[in-house]
Every structure is written in structure tokens, then in C-alpha cells.
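>>> Got a predicted structure plus its sequence, pasted below:
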Amino acid sequence: MPNPRSRRRERNNMPLIVILAVLTVAVIYAGVHSFFQAPEQRAEDLPPAQTVDGPGEEDPQEDAAAEALRSHRERKPDFYTILVSGVDDGNGGSDTNILLAVDAATGYAYGVSIPRDSKAFFNGKNHKINAAYNTGGMELLAEVVSHQLGIPVDYTVLVDLRGFEALVNAIGGVEFYIPIDMDYDDPYQDLSIHFTKGTRLLYGEDALKVVRFRHNNDGTGYGSEDVGRMTTQQNFLKAVAKKTLTPANVTKVNEFVKIFHQYVETDLTINNLAWLGAQFITMGPDRIDFCTLPGEWKSPYIYVDPEETLALVNQFLNPYVEDRLPEDLNIPD
């Protein structure tokens, strides 16, 4: 019998694939209807700059503390954090959550998957982190992620995974090389994935199956399931972007915009999306990487590793000039 936890992991990086494809579409749309505009970074509640009105009114300790805080929260230019969440089960649940860091100044993007069973603390109780979305939508989920990782979440994107199928169908399918034989059945999801290795034209439903595949019924497959699947997803994204930007599909702007409005909710403007999309295209797929938040499963939660997470935040996710410190993170024991 398939492991229920394995079923959830099969959806791990799908929203990021959808939003990157949407950003590609946004470039086309903006080129016709709008203009490129960089997003604004989230404002911080910092103490006001200290002024001296006269002799004897300085407080050196207070000034030093305020300056230290200001320095600790000085942001890098053109660095944005975007929380991408995906729903596909029709019950309002956020099965997939990925914090995407876009560093336009250095030309890289990094997506970190946050397991839905990660332990979180909010509203005075312990929860699995996806309960934040069920309780307070993207706003509460962003607050919880920001609090635990010690960094701001600038923007949020909510994707209905049906948008992936709609986009692939809209561009007339994608010719794609399936790297291995795929033979998997999951009666719980009414899911059957059966493909032979080789190149074929994939439309929406079949494309979704290929990029969700982790292993065969007998346990064989990529050998390294998550790494192999991620490579397939990234290669498929390249194919989607290339097909989307062909002359034949540039004329389908109105259809793409309809898909965007139907399946994506975000506080980014269309101009912001166009700017971000242009950054992704300039970076190229080799400058976009992924990983999963480090942690260990101990029923009923995944306990996030504070030390490894701090290193991950400082290497890839930190929008501040200064490194985050252990006291900046708020990871439940």
C-alpha cells in the first residue's frame, strides 16, 4: 500500500514550476500591455534616526542600540523573498509551501520547500505549519514563516495546480524527453502514471503526471527520487518557457492572462511579475536552485534543524546585508 506521506511529497515543487512559467507569460503580457517595474522591499519598523538637540541630551547606549538594530536590518538591493503556496485538493489546504529568494543583483534565485508537517507555533499552540494557511490564509502563513526564519516575506503567491495543466494545454503541449520508464499507481489519489522512456508530446494532464512522478510501484525509479524528480521538473520548465516564447504563442496573450487570473492569487502587480520574469529569463535555469528545509520526522511533526536552517538562511534566503544570528530565528523545539 502506498505511504500517505509519500503521496504528499509528490507535489513538493509543483507551485514553483507553475509560478516560474507564469512569470514567463507575464513578460509577454507586459511587453504588450504594460511595463516592467521592480517590486518594493517590505518596510521595516526601525527606530527613528537619532538627533541631538543640545548639550547633554545624547544617550550613547540608546544611540548605539538603535544603530546596531538599523545595521542588522539593512537590506541588500534588489533582493526579494516570495512565499509560493499551492493548492490542488479543493478543501483550502496548502499542501506545498516554498520560500523563493530572488537576488537580482547577483543573478540567482533559490527556492526552499517548507514541509507541510513542519512544527510551528502560533495562536498560543503548536501546529503543523500548513495549518497557518487554513487558519488565516496567506497573510498568517507568511507571518509564521517570517517569524520562524527571522527574515521578511515580501510577497505571496497562491497557485491552483490546475493552472499548470491549463498553461501546458494553452501552448499546444510540450515535446519532452521522459528520462525513465514510469509505472506508478495510487488509488488514494486516483492517480496512474504509465510512460515509457523517450520523447513525446505531453499535454496538461500527462505533463502533470510526469513531473509528479517519484518512483515505480516496485520502488525502482530515479534512484535518488527527489533529486531525479527535481531535474525532470526543471528540464520541463525550460521546455515550457521555450515553447511559451515562440511566435505562435505570443499571440495567445489574452488566453495566458485568463489562466493567470483564474489560477493565481498574488500581491505582486503584473508589472512586478514582468520584471521578475525578465530576471528569471536573464538568469537562465542554471542559476535557479532548490532544496528542502532541513529537519527530522518525529510524529506528528517534522522538527526543523535550527543550526542547519540558520546556515541555509544566511547562504541563500537572507535579504539583509548582515548574517542572521541564532536569536533571530524562532524555530520550535
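Received the coordinates, thanks. Quick caveat: nothing in here was measured; it's all calculated off a predicted structure.
>>> Next, G295: phi, psi?
phi -170, psi 180 (degrees, to the nearest 10).
>>> buried ones in stretch 319-327?
319-320, 324 (16 or more other CB atoms under 10 Å). C-beta coordinates here come from the backbone N, C-alpha and C atoms, glycine included.
>>> Just the closest of those to S118, please.
R324 (18.0 Å; CB to CB).
>>> Return the distance of that closest one relative to G150.
R324 sits 5 Å away from G150, going by CB to CB, to the nearest Å.
>>> Check Q61 too.
Distance, Q61 to G150, by CB to CB: 24 Å.
>>> So if I had to pick from these two, which one is more boxed in?
Higher neighbour count among Q61 and G150: G150, with 21 against 8, using other CB atoms under 10 Å.
>>> Distance of that one relative to E322?
Here the criterion is CB to CB. By it, G150 lies 11 Å from E322.
>>> could I get the buried residues of stretch 319-327 as CSV with distance to N330 and pLDDT?
Putting the buried residues of stretch 319-327 into CSV (distance: CB to CB, whole Å; pLDDT from 0 to 100) gives the following:
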residue, distance to N330, pLDDT
P319, 17, 96
Y320, 16, 96
R324, 11, 96
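>>> measure stretch 311-331 end to end?
14 Å (CA to CA, to the nearest Å).
>>> What lies in contact with it?
Here stretch 311-331 makes contact (CB atoms under 8 Å, 6 or more residues apart in numbering) with 41, 71-76, 79-81, 99, 101, 110, 112, 121, 147-152, 154, 289, 291, 293-294, 304, 306, 309-310.
>>> Out of those residues, list just those in helices.
71-72, 147-149, 306, 309-310 (DSSP state H).
>>> ok, now which ones touch H127?
Residues near H127 by CB under 8 Å, 6+ apart: 119-121, 135.
>>> close enough to count as contact, A142 and D154?
No. Contact criterion CB atoms under 8 Å: A142 and D154 do not qualify, at 9.1 Å.
>>> And the two? Which one has more around it.
A142 (26 against 22).
>>> Which strands or helices does whichever strand or helix holds that one pack on?
Under the criterion of DSSP states H and E, A142 resides in helix 131-149. Here helix 131-149 touches strand 79-87, strand 96-103, strand 119-122, strand 155-160, going by 3 or more CB pairs under 8 Å, 6 or more residues apart in numbering; DSSP states H and E.
>>> Can you tell me the number of residues neighbouring Q148?
Residues lying near Q148 (other CB under 10 Å) number 23.
>>> so E296 sits in a helix?
No. Read with DSSP: H, G, I helix; E, B strand; the rest coil, E296 is strand and lies in no helix.
>>> Just name the closest of the ones in helices among the contacts of stretch 311-331 to Y184, please.
Closest to Y184, out of all of the ones in helices among the contacts of stretch 311-331 and judged by CB to CB, is T309, at 31.7 Å.
>>> okay, now that closest one: neighbour count?
Counted with other CB under 10 Å, the neighbours of T309 add up to 21.
>>> Need the pLDDT of it.
pLDDT, T309: 97.
>>> Tell me which residues touch it, please.
Taking CB under 8 Å, 6+ apart, we find T309 in contact with 149, 293-294, 329, 331.
>>> switch the cut-off to 6 Å
The contact partners of T309, by CB atoms under 6 Å, 6 or more residues apart in numbering, come to P294.
>>> what's stretch 194-202 in contact with?
Residues from elsewhere that reach stretch 194-202 (CB under 6 Å, 6+ apart): 173-178, 180-183.
>>> go with 8 Å
Contacts of stretch 194-202 (CB under 8 Å, 6+ apart): 168, 173-184, 206, 209-210.
>>> Buried subset of these as a ChimeraX selection?
What follows is the ChimeraX syntax for the buried subset of the contacts of stretch 194-202, where burial is set by 16+ other CB under 10 Å:
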select :168,173,174,176,178,180,182,183,184,206,209,210
